[in-house]
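*Asks:* Sharing a sequence plus its predicted fold:
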Amino acid sequence: MKKQTIFDRLRRWDESEFDLTDALPLEEPVRRIEPDLDRDALPPIPRLEHGGVRTFRRLYPWMAGLLALVLVGFLLLAVLELPAFGSADAPAHNEVMARYVGQGTEETGAVNTVAGVILDYRAFDTLGESHVLFTAAAAVLILLLTATHVQEEPRRIRDIMERDPILRNTAKVLTPVILLFGFYVILNGHLGPGGGFAGGAIVGSGLILCAIAFGFERLERLLNYKSYCRILVCCLGFYSLAKCYSFYCGANGLETIFSAGTPGRILSAGLILPLNVAVGLVVGCTMYGFYAVFQRGRI
Amino acid sequence: MLLALWDHRIQAAAVLLFAVGFVTLLLHRNLLKKIIGLNIMDTAAYLFLTSVGYIAGRKPPIITGGDRDPASYVNPLPAGLVLTGIVVSVSVTALMLALTIRLYRRYHTLDLDQIYQMALGEQEEGK
């Protein structure tokens, strides 16, 4: 028998030999609001198979490949013109970098220059980025979370999870460690590699592991829809207000009440630590929220 | 030519990765595979940006030990830009997956051509 590759499996999945009702538990309640399309009742679908279209279909893969080759050729030629990989005299390493590395520690109080750049020098950028994440989370909720979808977690998936002792025991050991590490990365963001985004992703994956092993019901005590929305809005609101304050002070040459402190202490670097915590909570909750909405249709 | 390519090996790898993602995006009709292709293209962009920030033989930009000379650290700016890019890519991916789930619920297929034809049929019916 021919060995099955992942692509064969995906193809079989495409061809719906694989029972998709197992994979997508949301199907049943959906039919009520978006009735299943009756394919036979439709007027005959206009077949796009007359001459020109057929030629187009046949040529399309070749043209796509050719386009990709031309693109790669041009991009490689352009790459050859760039300064060599790892060279110190590339134009990207200009006075901006010298300022950030040379004086960042005094000006922002952050030992980790990247944290200083994204949460102090370029905090406006990161604010917009958090809002992109928030908007995406809101859009996903709007698309997938309509009141009629709400249903209990499918019996079958829950059974599989509750029957699996390996998963449960591994999760029992690993979840606290993962969450602790995530919080460490968030709180240590201004002192070393890490920060809100990385730590938030770790916390989110810990929550997802917890949800897979113990079911969403148990996690609901910690994080339900209400608290999810509250955390998201409070963190983003705090971020915006804090940054408004520091933009106002910076633009008018005023002293802020948040001093840079002694670089290297945990309570230093002014606003960077609280902002990291806010960003970490937003990212962690959003990661878990995406998973929950995709998996069972609600948080 | 080959020597020059070796000097730019990471950037060239990023370009090839970009092409892999681009071809995946173009050639597959399955919406999930198109999303995977787009994500590969994102990854290529991150690889390119981080390779721009790298300087051979220097330390990561964590200022410790009192050494504040810019000449001993790599460039921290591209790392910050990549961070922004990753978050935007995650958001866009989540949005695309949500839209795909909605399409699947409606048409019970992930094949873009079939979805298009069915949507066309519905339009005809509506007229």
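*Replies:* Great, that's in hand. Residues are numbered from 1 along each chain as shown, chains lettered A, B, ... in the order given.
*Asks:* Helix or strand with the lowest mean pLDDT in chain B?
*Replies:* Least confident helix or strand of chain B, by mean pLDDT, DSSP states H and E, is helix B:2-7 with a mean of 79.
*Asks:* in that helix, what counts as buried?
*Replies:* B:Asp7 (16 or more other C-beta atoms under 10 Å in any protein chain shown). C-beta: built from backbone N, CA, C; applies to glycine.
*Asks:* Contacts for that helix next, please.
*Replies:* The contact list for helix B:2-7 (C-beta atoms under 8 Å, 6 or more residues apart in numbering or on different chains) reads A:Leu76, A:Leu80, A:Ala84, A:Phe85, B:Ala12.
*Asks:* Below-threshold pLDDT in the chain: ranges please.
*Replies:* Because you didn't say which chain, this covers chain A. A:1-52, A:146-163, A:259-261, A:263-264, A:266, A:297-299 (pLDDT under 70).
*Asks:* look at chain B instead
*Replies:* In chain B (pLDDT under 70), the answer is B:127.
*Asks:* Make a markdown table from the contacts of helix B:2-7 and add neighbour count, distance to A:Leu174 and secondary structure to it.
*Replies:* Formatted as a markdown table, the contacts of helix B:2-7 follow (neighbours: other C-beta atoms under 10 Å in any protein chain shown; distance: C-beta to C-beta, whole Å; DSSP: H, G, I helix; E, B strand; the rest coil):
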| residue | neighbour count | distance to A:Leu174 | secondary structure |
| --- | --- | --- | --- |
| A:Leu76 | 16 | 43 | helix |
| A:Leu80 | 15 | 46 | helix |
| A:Ala84 | 15 | 43 | coil |
| A:Phe85 | 20 | 38 | coil |
| B:Ala12 | 21 | 39 | helix |
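*Asks:* Just send those residues back as a markdown table, with distance to A:His190 too.
*Replies:* Compiled in a markdown table, the contacts of helix B:2-7 are given as follows (distance: C-beta to C-beta, whole Å):
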| residue | distance to A:His190 |
| --- | --- |
| A:Leu76 | 40 |
| A:Leu80 | 39 |
| A:Ala84 | 33 |
| A:Phe85 | 30 |
| B:Ala12 | 36 |
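*Asks:* From the residues you listed, pick the one nearest A:Leu145.
*Replies:* Nearest to A:Leu145, judged by C-beta to C-beta, of these is B:Ala12 at 43.9 Å.
*Asks:* is it true that the closest one touches A:Leu77?
*Replies:* No - taking C-beta atoms under 8 Å as the definition, B:Ala12 is not a contact partner of A:Leu77, at 10.8 Å.
*Asks:* Give the single residue among the contacts of helix B:2-7 positioned nearest to A:Gly270.
*Replies:* A:Phe85 (35.8 Å).
*Asks:* List the residues that contact the closest one.
*Replies:* Applying C-beta under 8 Å, 6+ apart, we find A:Phe85 in contact with B:Asp7, B:His8, B:Arg9, B:Ile10, B:Gln11, B:Ser51, B:Tyr54, B:Ala56.
*Asks:* Leaving out sequence neighbours, find the closest residue to the third one.
*Replies:* In this structure, B:Arg9 finds its nearest non-sequential neighbour in A:Phe85, 6.2 Å apart by C-beta to C-beta, 6 or more residues apart in numbering or on different chains.
*Asks:* Please determine how far the one you found is located from B:Val74.
*Replies:* 12 Å (C-beta to C-beta, to the nearest Å).
*Asks:* tell me which of the contacts of helix B:2-7 is nearest to B:Phe22?
*Replies:* A:Leu76 (13.7 Å).
*Asks:* does the closest residue in space to the closest one that isn't next to it in sequence count as helix, strand or coil?
*Replies:* Take A:Leu76 and drop its neighbours on the chain: the residue closest to it by C-beta to C-beta, 6+ apart is B:Val15, 5.6 Å away. At B:Val15 the chain is in helix, as set by DSSP: H, G, I helix; E, B strand; the rest coil.
*Asks:* Can you get me a residue count around B:Val15?
*Replies:* 23 (other C-beta atoms under 10 Å in any protein chain shown).
*Asks:* What spatial separation is found between it and A:Glu81?
*Replies:* 13 Å.
*Asks:* Contacts only, for the residue lying closest to B:Leu32 once chain neighbours are set aside.
*Replies:* Of all residues not flanking B:Leu32 in the chain, B:Leu110 sits nearest, at 6.0 Å (C-beta to C-beta, 6+ apart). By C-beta under 8 Å, 6+ apart, the contact set of B:Leu110 is A:Asp14, B:Asn30, B:Leu31, B:Leu32, B:Thr100, B:Leu103, B:Tyr104.
*Asks:* could you pull out the helices for chain B?
*Replies:* Applying DSSP state H to chain B gives helices spanning B:2-7, B:9-27, B:31-53, B:77-107, B:112-126.
*Asks:* Oops, could you answer that again for the stretch 101-250 of chain A instead?
*Replies:* A:113-116, A:123-144, A:155-163, A:165-187, A:196-214, A:216-220, A:225-252 (DSSP state H, counting those that start in this stretch).
*Asks:* what separates the next helix or strand after the longest one from the chain centre, distance-wise?
*Replies:* This means helix A:225-252. Per DSSP states H and E, helix A:225-252 leads on to helix A:272-296 as the next helix or strand towards the C-terminus. When distances are taken as C-alpha atoms, centre = their mean, to the nearest Å, helix A:272-296 is centred 8 Å away from the chain's centroid.
*Asks:* How about stretch A:269-284?
*Replies:* That offset, for stretch A:269-284, works out to 16 Å (C-alpha atoms, centre = their mean).
*Asks:* Send over it as CSV, restricted to the C-alpha atoms.
*Replies:* Output of stretch A:269-284 as CSV, limited to C-alpha atoms (Å, rounded to 0.1, in the frame of the first residue of the first chain):
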residue,chain,number,x,y,z
ALA,A,269,11.9,51.6,33.3
GLY,A,270,8.8,53.8,34.1
LEU,A,271,5.8,52.7,32.1
ILE,A,272,7.3,49.8,30.4
LEU,A,273,6.5,47.2,33.0
PRO,A,274,2.8,48.1,33.4
LEU,A,275,2.5,48.3,29.6
ASN,A,276,4.1,44.9,29.2
VAL,A,277,1.6,43.5,31.7
ALA,A,278,-1.3,45.1,29.8
VAL,A,279,-0.1,43.8,26.4
GLY,A,280,0.6,40.4,27.9
LEU,A,281,-2.9,40.1,29.3
VAL,A,282,-4.4,41.2,26.0
VAL,A,283,-2.3,38.8,23.9
GLY,A,284,-2.9,35.9,26.3
